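Visitor: here is my input; please provide its structure:
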Amino acid sequence: MRHTHAPKVAVVGMGKTGLSVLRHLRRAHIQCECFDEATVQLPEDLQGVPLHTGPLPMDGTFLQFDKVIVSPGVDWRHPALVEARKCGVDVHGDLDEFLANYSGNLIAVTGTNGKTTVTQMIVLLLETLPGGCDAGGNIGVPMLDLLADRKPKRVALELSSFQLERAKYVHPHYAVLLNVQPDHEDMHESMEAYRAAKVSIFSQMVKGDTAILPADDEWQALVDALIQRGVQVKRFGTVAAQDTNAVAGVLCTKDGDKVFWQHGDVRKTIPVSSLMVRGRHQQQNIAVAAQVAADFGVSAAVIEEALMSFQGLEHRLEFVGRIAGRDWYNDSKATNPDAAIAALRSFDEVVWICGGLRKDLALDGLIDVAKTHVRFACVIGEDTKAYEAMLTQAGVPFKVSKTMKEAVVHAKERGDCPVLLSPAAASQDQYPHYAERGADFIQAIRKLGGADD
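Guide: Below you'll find the model as predicted:
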């Protein structure tokens, strides 16, 4: 029987997001209980909240709650959650809770690759405006934590497919979709369901809102539908000089590539030779952030200075240094093949460290780029067979290194071209997170000897 008096809420998953939801509910004096399939303990400030550990109950327990708020790391297809939704229980994630309690300017960023860089860059640029801009969501700070002490004037949320799929009403004022590439299919019913979760970021947008999407033809139907609803649509991409479809991205000219964005009626450009970030995909990302900043009123001079001084984020084509006679690059965040392809194309030739938890993603797209850009490969991870087969088909010599330390030593022995860690795989077969994998890579490099002059 459902409650008709004071609301009662179940929170599922006691990671960072789940704990932030509990704190939000406690601040609002809402009765709640929490569930986690792992053996966990609540922090001291949440002691007293009923905690249930072990398999999620299938006995109708969730039907006793007015709402069930599910953390992004919990499978949305869990039978207990499916049953609760079928029975009419309001089941959603923290994004709906945030939207119900925030009325400022919301900028939402999603995509398979690049969303953290774009979100961080947006915040960096909008910090120069009165009231600044806070960042949250998938970027590290749970979004409800942003509402603990004050209501920010502007918020940039990095949103994952998991956060979007469990939101019923997503309505940002400004939404950015960077790309949709194969990833996380193990946590969605299909690639189509993954894509649907991503594009749901636009589902409630209306006249007065702004959407930024790739200039690729595959998005034209969505663009047309948004325009019919009165949404202002902008496109971005890597384009030729005569292309007028995109307002931001990388401009390919006979004099070299340039990052560009539209500032009022003027197309602003910066030669990529003046930038510190490497790779067209990263340069395209900062161009998108520049466009958002321009639309919010940040001056062209501030944008230009920020773009030229931006060094990129850790684990994203991060230049580690010149050590043992070669340059080393940490792209541990490349957890899927498309991200690794973009990184490899940023170099003429590299020694490539790849491998890890493949998540059943096809590696076929890597064959041609490996053939063109990889001199030698070192394969890490517990299951290396798929990567060995891909490299064999590409005709690239390789060595199975298994561990990062071995891979770095083996890479050092192969000529003088740059060494790139861009795994095209998740890290969880050997590391808790891609950041730990990147840190291990850097530590192994440091052990080779001092940096070169």
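Visitor: check what pLDDT the nearest residue to residue 355 once chain neighbours are set aside gets.
Guide: Using Cβ to Cβ, 6 or more residues apart in numbering and skipping the chain neighbours, the partner closest in space to residue 355 is residue 381 (3.8 Å). (C-beta placed from N, C-alpha, C; glycine too.) pLDDT, residue 381: 94.
Visitor: count of neighbours near residue 381?
Guide: Using other Cβ atoms under 10 Å, residue 381 has 25 neighbouring residues.
Visitor: quick one: contacts for it?
Guide: Listed by Cβ atoms under 8 Å, 6 or more residues apart in numbering, the contact set of residue 381 reads 355-357, 387, 402, 423, 425, 429-430.
Visitor: repeat that for residue 62.
Guide: Contact partners of residue 62, counting by Cβ under 8 Å, 6+ apart, are 10, 68, 80-81, 83-84, 89, 91.
Visitor: separation between it and residue 22?
Guide: 17 Å (Cβ to Cβ, to the nearest Å).
Visitor: same question, residue 429
Guide: The gap separating residue 429 from residue 22 is 31 Å, by Cβ to Cβ.
Visitor: neighbour count: those two, which is higher?
Guide: With neighbours defined as other Cβ under 10 Å, residue 429 and residue 22 compare such that residue 22 has more, 25 against 14.
Visitor: okay, buried residues for stretch 87-97 please.
Guide: For stretch 87-97, burial by neighbour count (16 or more other Cβ atoms under 10 Å) applies to 89, 91-97.
Visitor: again with stretch 392-406
Guide: Quick answer for stretch 392-406 (16+ other Cβ under 10 Å): 394, 396, 398, 400-402, 404.
Visitor: take the residues you listed and write them to JSON lines, including pLDDT, secondary structure and distance to residue 223.
Guide: Shown next, in JSON lines, are these (pLDDT from 0 to 100; DSSP: H, G, I helix; E, B strand; the rest coil; distance: Cβ to Cβ, whole Å):
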{"residue": "394", "pLDDT": "97", "secondary structure": "helix", "distance to residue 223": "36"}
{"residue": "396", "pLDDT": "97", "secondary structure": "coil", "distance to residue 223": "39"}
{"residue": "398", "pLDDT": "97", "secondary structure": "strand", "distance to residue 223": "42"}
{"residue": "400", "pLDDT": "97", "secondary structure": "strand", "distance to residue 223": "45"}
{"residue": "401", "pLDDT": "94", "secondary structure": "strand", "distance to residue 223": "45"}
{"residue": "402", "pLDDT": "79", "secondary structure": "strand", "distance to residue 223": "46"}
{"residue": "404", "pLDDT": "96", "secondary structure": "helix", "distance to residue 223": "43"}
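Visitor: can I get those residues in a markdown table with distance to residue 292?
Guide: Below are the buried residues of stretch 392-406 laid out as a markdown table (distance: Cβ to Cβ, whole Å):
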| residue | distance to residue 292 |
| --- | --- |
| 394 | 38 |
| 396 | 39 |
| 398 | 41 |
| 400 | 44 |
| 401 | 41 |
| 402 | 43 |
| 404 | 36 |
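Visitor: A strand includes residue 315, no?
Guide: No: going by DSSP: H, G, I helix; E, B strand; the rest coil, the assignment for residue 315 is coil, not a strand.
Visitor: pretty sure it sits against residue 330.
Guide: Yes: here residue 315 reaches residue 330: they are 5.7 Å apart, a contact under Cβ atoms under 8 Å.
Visitor: can you list residues touching both of the two?
Guide: residue 438.
Visitor: which one among the contacts of residue 62 gets closest to residue 361?
Guide: Using Cβ to Cβ, residue 81 comes nearest to residue 361 of the contacts of residue 62, at 25.5 Å.
Visitor: residue 243 falls within a helix, correct?
Guide: No: assigned with three-state DSSP, residue 243 falls outside any helix and is coil.
Visitor: centroid residue for the protein?
Guide: In the chain, the residue lying closest to the centroid (Cα atoms, centre = their mean) is residue 115, at 4.3 Å.
Visitor: from residue 160, how far off is it?
Guide: Distance of residue 115 to residue 160, computed by Cβ to Cβ: 8 Å.
Visitor: mind listing the shared neighbours of these two?
Guide: Residues touching both residue 115 and residue 160 (Cβ under 8 Å, 6+ apart) are residue 138.
Visitor: tell me where this protein has helices.
Guide: All helices of the chain, identified by DSSP state H, fall at 16-27, 79-86, 94-101, 115-126, 161-165, 191-199, 220-228, 280-295, 300-309, 337-344, 366-373, 385-394, 404-412, 434-446.
Visitor: put together a markdown table for the ones you listed, with distance to residue 174 on each row.
Guide: What follows is these, written out as a markdown table (distance: least, Cβ to Cβ, whole Å):
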| stretch | distance to residue 174 |
| --- | --- |
| helix 16-27 | 23 |
| helix 79-86 | 30 |
| helix 94-101 | 14 |
| helix 115-126 | 9 |
| helix 161-165 | 16 |
| helix 191-199 | 16 |
| helix 220-228 | 13 |
| helix 280-295 | 7 |
| helix 300-309 | 16 |
| helix 337-344 | 25 |
| helix 366-373 | 33 |
| helix 385-394 | 39 |
| helix 404-412 | 40 |
| helix 434-446 | 28 |
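Visitor: who wins for proximity to residue 207 among those?
Guide: Nearest of the helices of the chain to residue 207, taken as Cβ to Cβ: helix 220-228 at 10.4 Å.
Visitor: I'd like to know which elements that closest one is packed against.
Guide: strand 210-214, strand 232-240 (3 or more Cβ pairs under 8 Å, 6 or more residues apart in numbering; DSSP states H and E).
Visitor: the last one to helix 280-295, inter-axis angle?
Guide: Interaxial angle of strand 232-240 relative to helix 280-295 (axes from the mean of the first three to the mean of the last three Cα atoms, to 10 degrees): 140 degrees.
Visitor: great, nothing more from me.
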